[in-house]
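S.K.: okay, sequence plus prediction incoming.
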Amino acid sequence: MNQKIAKACGLILGAAFVQFGLLNVLNAQICPEGQTAMSLEIHTDAWGYESYWAIVPNNMLCADSLIFEGGNIEDVGCNGDGDVQGGNGYDSNIIVVEDSLCAATGDTLHLVHIDSYGDGGLFFELFFEGILAGTYVGTGDGNDWSFVVGELSAPAYDSPCGALPIEVNGDTLILETGECMAAFGEPSPPVSAVYSCSIGGAWCESGLSETAWLTFVAQEGNCEVNLCHDSTDFDTQVALWKADDCGDFSTYELLSANDDIPGGCGPGAYYASRLWTGCLEPGATYLIQIDGWQGSDGTVAVSVASSAVEAELSAATGGLQCAIGDGEDPSGYVVLNMTGTGSDYDVAWIGSGGFASEDWQLTGLNFGSYSALISTSCGSVMSYSVTFDEVEELVSNLQFEGPGCPDSMDGWASIDASGGAGQYQYAWTGPDGDLGDGMGLEGLDVGTYEVSVVDANGCSVSIDFELVEQGDAFSFSLGADTTICNNETLLLYAPAGLSYEWSTGSVDQFIVVDGQALGAGTYSYVLTASNDVGCSYADAIFVTVFDCSNGVGELGGSSALKVGPNPTADAWKVELVSLTNTSGLAASTGVSKTNWYLLDAVGQRVASGIAVSSTWTVPAASIAPGSYQLHVELADGKRAVQHLVRR
């Protein structure tokens with residue numbers, strides 16, 4: 001806790017070094033008559049040296065008339081335009097107390113704040129006679145706040161040192177909290193990690209907004225601090241503290257707390273609160289802190305009365321509803337709730353595996369048994385025990401099978417759960433999103449799927465799985481597109497054991513392409529085959545039929561070509577002969593040089609050469625199967641063209 005309201009110059013607050021830069025420092029105990037003792041508690045940011053402050057009279061400029069000043073006087077000052085590099089002014093992230101400042105009661109003064117960088121810098125708390133009078137948050141390049149010396153901006157009970165006295169078994173007091181504020185570092189009860197509302201010793205939230213304070217002198221026995229009255233009109237939180245020094249929050253000890261009466265408050269605001277003090281030290285002084293939940297404020301009625309209510313212990317337990325998986329932490333918890341007494345009771349836990357604790361709230365417990373011995377401030381002793389039984393693991397058995405073929409949509413999956421808490425619920429997702437909540441699915445395509453199982457306790461198991469096609473798919477090839485002669489046949493076929501449908505209408509495994517029956521031209525054949533589980537495949541081939549019946553190409557006039565074998569896969573033998581008459585071939589022409597070249601089906605030259613005799617060879621092994629044209633040019637300008645087929 002941060003210490004509040006230092007009592008002497010040069011005091012060190014915890015780890016915060018207290019510095020002073022005052023022009024006029026007086027002892028608070030000897031302020032002249034007609035003056036009020038003031039003090040400033042100043043919280044610096046990460047750049048404390050960038051800030052400066054001053055207190056000046058009303059209607060006066062900072063640089064003209066200073067009453068007090070502090071911070072980086074040398075480098076920042078009233079103008080804030082110095083070359084600030086650090087080394088002067090306040091240190092960073094500390095609490096500075098400028099105390100024993102005296103000023104005429106009733107005077108209007110100004111607190112001027114300057115930040116050379118322009119990012120705020122300082123947070124101020126102003127006290128009169130040790131009572132919080134105002135809080136001021138520095139912003140931007142600086143601020144100018146006015147205040148009246150000795151005049152509180154909030155009721156005196158806004159500060160614990162100005163707490164409103166209330167008597168045990170005395171009158172119910174009415175307080176207004178709308179003008180109250182929370183001091184910097186003001187303590188608040190803990191917020192339970194599991195339950196906080198409606199239990200003893202905790203609040204529903206940790207933030208403070210508009211706190212009011214009361215004080216009372218304890219009597220013998222237990223007391224009830226009750227905010228549940230007709231006049232209470234907002235959601236309240238209440239805490240009981242013991243403090244060695246009202247201005248030093250580090251001396252505060254929490255004795256009891258409550259946020260919301262179980263079952264609600266009947267006469268006043270439903271979420272009003274109530275606590276029991278337990279047995280306090282008779283004659284000692286204690287502090288009551290009241291705050292509004294989430295910034296609520298308004299009118300609150302408070303009473304303190306002796307109570308004969310017996311201490312009663314209850315507990316909330318939970319977690320460990322599911323088996324603990326690998327790498328998971330135990331989730332069991334126990335929250336003790338003591339009513340009819342303070343929350344400063346002593347607890348001693350023992351449990352499985354050598355467990356021991358003194359906390360009223362336990363978390364992260366594993367399966368096993370745990371026992372506690374509780375003793376209250378009034379001397380009551382009670383015990384509590386709880387056992388977390390082992391939970392059977394939730395187990396799922398998933399079976400699945402992918403579709404037989406691509407796009408056949410005949411995959412399936414099923415799941416069966418056991419263990420856990422029963423009453424299983426299932427959820428399936430796949431490539432198309434949500435698929436249902438049954439125990440199985442049918443008609444599935446290939447892809448990634450997930451199934452989740454949730455039991456009655458909310459325990460869950462999720463499994464990802466992949467459906468892939470089975471080995472029923474097949475393929476085949478009718479071969480590359482090809483060329484045959486008009487006096488040849490070609491056998492086309494597919495693998496055995498399938499159903500067949502040819503584009504010719506045949507349903508046989510084999511068909512015969514008859515070049516003589518078809519005649520010259522190009523023909524397409526398509527086969528679609530399927531197996532007995534519905535997988536299918538299709539392939540096509542183009543077959544060109546070439547008229548190979550005449551191996552002689554006429555040159556016109558007296559010469560002709562003779563080519564063989566045609567078709568071939570190796571080479572064509574070409575012979576240039578002379579025509580003696582229209583019925584036959586004569587002897588060689590004796591031509592000395594003959595240019596030739598070979599064109600493919602798209603007119604691209606794939607081979608060429610010069611024949612030096614009437615007989616030569618055109619190679620075929622290095623060219624692709626298909627139909628070609630052989631062009632032969634003679635020296636006298638004659639030319640012959642012959643169709644050739646490369647198998």
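M.R.: That came through, no problem. Everything quoted here is computed from the prediction, not taken from an experiment.
S.K.: contacts and neighbour counts: CA atoms only from here.
M.R.: OK.
S.K.: pretty sure residue 517 sits in a helix.
M.R.: Yes - checked against DSSP: H, G, I helix; E, B strand; the rest coil, residue 517 lies within a helix.
S.K.: that one: neighbouring residues, count only.
M.R.: Neighbour count of residue 517, defined by other Cα atoms under 10 Å: 11.
S.K.: per-residue pLDDT, it?
M.R.: We note a pLDDT of 91 for residue 517 in this prediction.
S.K.: next one: residue 27
M.R.: We have a pLDDT of 36 for residue 27.
S.K.: what are the ranges of the helices in the stretch 151-300 of the chain?
M.R.: Using DSSP state H, counting those that start in this stretch, no helices are found in the stretch 151-300 of the chain.
S.K.: name the helix or strand of the protein that has the lowest mean pLDDT.
M.R.: Between all helices and strands in the chain, the lowest mean by mean pLDDT, DSSP states H and E belongs to strand 552-554, at a mean of 41.
S.K.: pLDDT weak spots in this structure?
M.R.: Across the chain, the ranges flagged by pLDDT under 70 are 1-29, 81-86, 471, 549-560, 578-592, 634-638.
S.K.: and if we set it to 50?
M.R.: The model of the chain has pLDDT under 50 over residues 1-29, 550-559, 579-589.
S.K.: buried ones in the helix or strand hosting residue 607?
M.R.: Using DSSP states H and E, residue 607 sits in strand 605-611. For strand 605-611, the neighbour count (16 or more other Cα atoms under 10 Å) marks 607, 608, 611 as buried.
S.K.: and if you look at stretch 459-477?
M.R.: Using 16+ other Cα under 10 Å as the test for burial, stretch 459-477 gives 459, 460, 467, 468, 469, 473.
S.K.: one step back: would TSV of the buried residues of strand 605-611 with distance to residue 66 be doable?
M.R.: Shown next, in TSV, are these (distance: Cα to Cα, whole Å):
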residue	distance to residue 66
607	109
608	111
611	121
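S.K.: quick one on the thing from earlier: name the nearest of the buried residues of stretch 459-477 relative to residue 200.
M.R.: Nearest to residue 200 out of these is residue 459 (Cα to Cα; 31.3 Å).
S.K.: before we move on, the earlier item: and the buried residues of strand 605-611, which is closest to residue 628?
M.R.: The nearest member of the buried residues of strand 605-611 to residue 628, counting by Cα to Cα, is residue 607 at 10.5 Å.
S.K.: skip the chain neighbours and tell me the closest residue to that closest one.
M.R.: Using Cα to Cα, 6 or more residues apart in numbering and skipping residues adjacent in sequence, the residue nearest residue 607 is residue 598, 5.1 Å away.
S.K.: confirm that that neighbour sits in a strand.
M.R.: Yes - judged by three-state DSSP, residue 598 forms part of a strand.
S.K.: which strand residues bridge it?
M.R.: residue 607, residue 630 (DSSP bridges).
S.K.: wait, doesn't it sit right on residue 606?
M.R.: Yes - in this structure, residue 598 is within contact of residue 606 by Cα atoms under 8 Å, at 5.8 Å.
S.K.: what about residue 598, how many residues close to it?
M.R.: Using other Cα under 10 Å, residue 598 has 21 neighbouring residues.
S.K.: need the contact list for it.
M.R.: By Cα atoms under 8 Å, 6 or more residues apart in numbering, residue 598 lies in contact with 605, 606, 607, 608, 628, 629, 630, 631.
S.K.: ok, those vs residue 391, which is closest?
M.R.: Nearest member of those to residue 391, counting by Cα to Cα, is residue 606, at 81.3 Å.
S.K.: how close does the closest one get to residue 622?
M.R.: Going from residue 606 to residue 622 by Cα to Cα, to the nearest Å gives 10 Å.
S.K.: please apply the same query to residue 132.
M.R.: For residue 132, the distance to residue 622 - Cα to Cα - is 105 Å.
S.K.: those two: who's more crowded?
M.R.: residue 132 (31 against 11).
S.K.: how about the secondary structure of residue 325?
M.R.: Under the three-state scheme (three-state DSSP), residue 325 adopts coil.
S.K.: count the residues that sit near it.
M.R.: For residue 325, the tally of surrounding residues (other Cα under 10 Å) stands at 9.
S.K.: surely residue 398 meets residue 412?
M.R.: No - in this structure, residue 398 is not within contact of residue 412 by Cα under 8 Å, at 10.9 Å.
S.K.: CA atoms of stretch 297-306 as PDB?
M.R.: Output in PDB follows, covering the C-alpha atoms of stretch 297-306 (Å, rounded to 0.1, in the frame of the first residue of the first chain):
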ATOM      1  CA  ASP A 297     -23.300   6.700  -5.400                       C
ATOM      2  CA  GLY A 298     -26.200   8.300  -3.500                       C
ATOM      3  CA  THR A 299     -27.700   8.100   0.000                       C
ATOM      4  CA  VAL A 300     -26.600   5.300   2.400                       C
ATOM      5  CA  ALA A 301     -27.900   4.600   5.900                       C
ATOM      6  CA  VAL A 302     -25.500   2.900   8.300                       C
ATOM      7  CA  SER A 303     -26.000   1.300  11.700                       C
ATOM      8  CA  VAL A 304     -23.700  -0.500  14.000                       C
ATOM      9  CA  ALA A 305     -25.400  -2.800  16.600                       C
ATOM     10  CA  SER A 306     -24.400  -5.600  18.900                       C
END
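S.K.: contact partners of it?
M.R.: For stretch 297-306, contacts defined as Cα under 8 Å, 6+ apart pick out 166-178, 210, 221-235, 291.
S.K.: which of those count as buried?
M.R.: Those of those that meet the buried threshold are 166-168, 172-173, 175-178, 210, 221-229, 231-235, 291, by 16+ other Cα under 10 Å.
S.K.: contact partners for residue 467?
M.R.: Contact analysis of residue 467 by Cα under 8 Å, 6+ apart lists 400, 401, 402, 403, 411, 445, 446, 447, 448, 449.
S.K.: wait, I meant residue 162
M.R.: Taking Cα under 8 Å, 6+ apart as the contact definition, residue 162 lies against 131, 156, 213.
S.K.: which one of those residues is nearest to residue 248?
M.R.: Of all the contacts of residue 162, residue 248 sits closest to residue 131, with 12.3 Å by Cα to Cα.
S.K.: hmm, back to that, the residue nearest to residue 607 and residue 644, how far apart?
M.R.: Distance from residue 598 to residue 644, counting by Cα to Cα: 9 Å.
S.K.: before we move on, what about residue 417?
M.R.: Here the criterion is Cα to Cα. By it, residue 417 lies 73 Å from residue 644.
S.K.: which one's more surrounded, those two?
M.R.: Neighbour count, other Cα under 10 Å: between residue 417 and residue 644, residue 644 has more, with 27 against 20.
S.K.: the more buried one contacts residue 629, correct?
M.R.: Yes - Residue 644 is within contact range of residue 629, at 5.8 Å (criterion: Cα under 8 Å).
S.K.: what helix or strand is residue 308 on?
M.R.: With DSSP H and E as criterion, residue 308 is part of no helix or strand.
S.K.: report the contact partners of it.
M.R.: Listed by Cα under 8 Å, 6+ apart, the contact partners of residue 308 are residue 222.
S.K.: next up, phi/psi of it, please.
M.R.: The phi/psi pair for residue 308 (degrees, to the nearest 10) reads phi -100, psi 10.
S.K.: same question for residue 600.
M.R.: phi -90, psi -170.
S.K.: next up, the contacts around it.
M.R.: Going by Cα under 8 Å, 6+ apart, residue 600 touches 606, 626, 627, 628, 629.
S.K.: what's near enough to touch the nearest residue to residue 472 once chain neighbours are set aside?
M.R.: Leaving out its chain neighbours, the residue that sits closest to residue 472 by Cα to Cα, 6+ apart is residue 404, at 5.6 Å. Applying Cα under 8 Å, 6+ apart to residue 404 gives the contacts 410, 411, 469, 470, 471, 472, 473, 533, 535.
S.K.: inside strands: which ones of those residues?
M.R.: Mapping those onto strands (DSSP state E) picks out residue 411.
S.K.: with that, I have no additional questions.
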